[in-house]
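Chemist: Return a 3D structure for these sequence lines:
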Amino acid sequence: MTVPTILKSETAQCSEHGQYHKHLVESFIGDRIWQGCPRCQFDAVHSPDDAIYKPAAAVRDARDLNARLIASDIPLRFRKATLDNYQTITSPAQQAIALRQCRDYAQGFEANWNVGRSMMLLGGLGTGKTHLGCAIAQHAIREFRAVARYTSALSIIRDVKSTFAKDAELTETKIYEALSTPDLLIVDEVGVQNGSDFERQVLFETINSRYERLQPTIVISNLSILAMRKCLGDRVVDRLSDHDGPAVLFNWASARGEA
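Modeler: Below is the predicted model of the structure:
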């Protein structure tokens with residue numbers, strides 16, 4: 001589990017346990033959280049008294065959720081993206097369909113995870129694909145305590161290429177293993193790469209290894225389904241479509257720049 005970044009530390013005094021280091025830590029939603037005496041927190045979550053245990057357990061669970069959300073690598077711009085605040089004003093009827101498909105996938109995540117059902121979000125720039133992809137990831141983390149990770153196709157390719165250096169700290173196997181581990185992987189910006197055989201193979205390895213482990217993947221792309229087949233190959237698209245994995249189409253004008 002990724003530990004939230006410590007932004008500031010101060011020496012503090014606990015009336016019961018004496019001096020301790022108080023930490024100001026990063027919060028996923030943008031504010032900051034002061035963490036109090038760790039021994040007090042430990043004692044409280046092990047208390048037989050519900051009046052003491054329950055609020056302490058709520059604090060513990062909130063910290064765990066915060067750490068899971070930060071570990072998802074959802075970009076700062078999309079940390080507030082939810083299914084409920086997605087705007088359906090550019091093309092209301094079509095957007096409502098896309099939102100419903102994404103909501104159905106998110107609410108049924110446990111069943112989707114059980115069979116390794118993936119998803120594709122396809123369409124033009126500025127149509128809300130990344131918003132909904134990140135919203136699904138957040139829902140899976142918050143409601144199912146899933147481990148979700150956001151990345152981009154270019155980041156995956158760059159990470160694999162970095163293993164070719166003589167002084168590389170990670171191996172190619174380690175990179176693919178890390179990508180195979182999360183319960184849900186969001187791969188954004190598929191199709192903006194150069195389209196080389198090497199890049200196509202890297203993305204195939206990423207998606208196929210997850211497919212074999214029954215781990216769902218959500219692919220986000222500006223390409224059409226036919227262009228996806230040309231870019232990634234039929235094998236990849238077929239794996240993403242297995243078990244009726246939905247392809248959600250975002251065929252409306254960009255909302256960027258609108259009030």
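
Chemist: Find the nearest non-adjacent residue to Thr163, please.
Modeler: Spatially, and ignoring its direct neighbours in sequence, Thr163 is nearest to Glu172 (4.7 Å; C-beta to C-beta, 6 or more residues apart in numbering). C-beta: built from backbone N, CA, C; applies to glycine.

Chemist: residues near the one you found, how many?
Modeler: Look at Glu172: counted by other C-beta atoms under 10 Å, it has 16 neighbours.

Chemist: any idea which element Pro55 lies in?
Modeler: In this assignment (DSSP states H and E), Pro55 forms part of helix 50-71.

Chemist: average pLDDT across that helix?
Modeler: Looking at helix 50-71 alone, the average pLDDT works out to 90.

Chemist: In CSV, please show the C-alpha coordinates belonging to it.
Modeler: These are the backbone C-alpha positions of helix 50-71, laid out as CSV (Å, rounded to 0.1, in the frame of the first residue of the first chain):
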residue,chain,number,x,y,z
ASP,A,50,-17.6,0.6,21.3
ALA,A,51,-17.9,4.3,22.1
ILE,A,52,-14.1,4.4,21.8
TYR,A,53,-13.5,1.7,19.2
LYS,A,54,-16.1,2.8,16.5
PRO,A,55,-14.8,6.4,16.0
ALA,A,56,-11.2,5.1,16.0
ALA,A,57,-12.1,2.4,13.5
ALA,A,58,-13.7,5.1,11.3
VAL,A,59,-10.4,7.1,11.4
ARG,A,60,-8.4,4.0,10.5
ASP,A,61,-10.7,3.1,7.6
ALA,A,62,-10.6,6.7,6.3
ARG,A,63,-6.8,6.6,6.3
ASP,A,64,-6.8,3.2,4.5
LEU,A,65,-9.2,4.5,1.9
ASN,A,66,-7.1,7.7,1.4
ALA,A,67,-4.0,5.6,0.9
ARG,A,68,-5.8,3.3,-1.6
LEU,A,69,-7.0,6.4,-3.6
ILE,A,70,-3.6,8.0,-3.7
ALA,A,71,-2.0,4.7,-4.8
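
Chemist: Go ahead and name everything in contact with the following helix or strand past it.
Modeler: Moving toward the C-terminus from helix 50-71, the next helix or strand (DSSP H and E) is helix 92-107. Residues outside helix 92-107 that contact it (C-beta atoms under 8 Å, 6 or more residues apart in numbering): 83, 86-89, 112, 117, 119, 121, 128, 132, 135-136, 139-140, 143, 246, 248-252.

Chemist: Which strands or helices does the following helix or strand past helix 92-107 pack on?
Modeler: Next helix or strand after helix 92-107 toward the C-terminus (DSSP H and E): helix 109-115. Counting contacts by 3 or more C-beta pairs under 8 Å, 6 or more residues apart in numbering; DSSP states H and E, helix 109-115 packs against helix 129-144.
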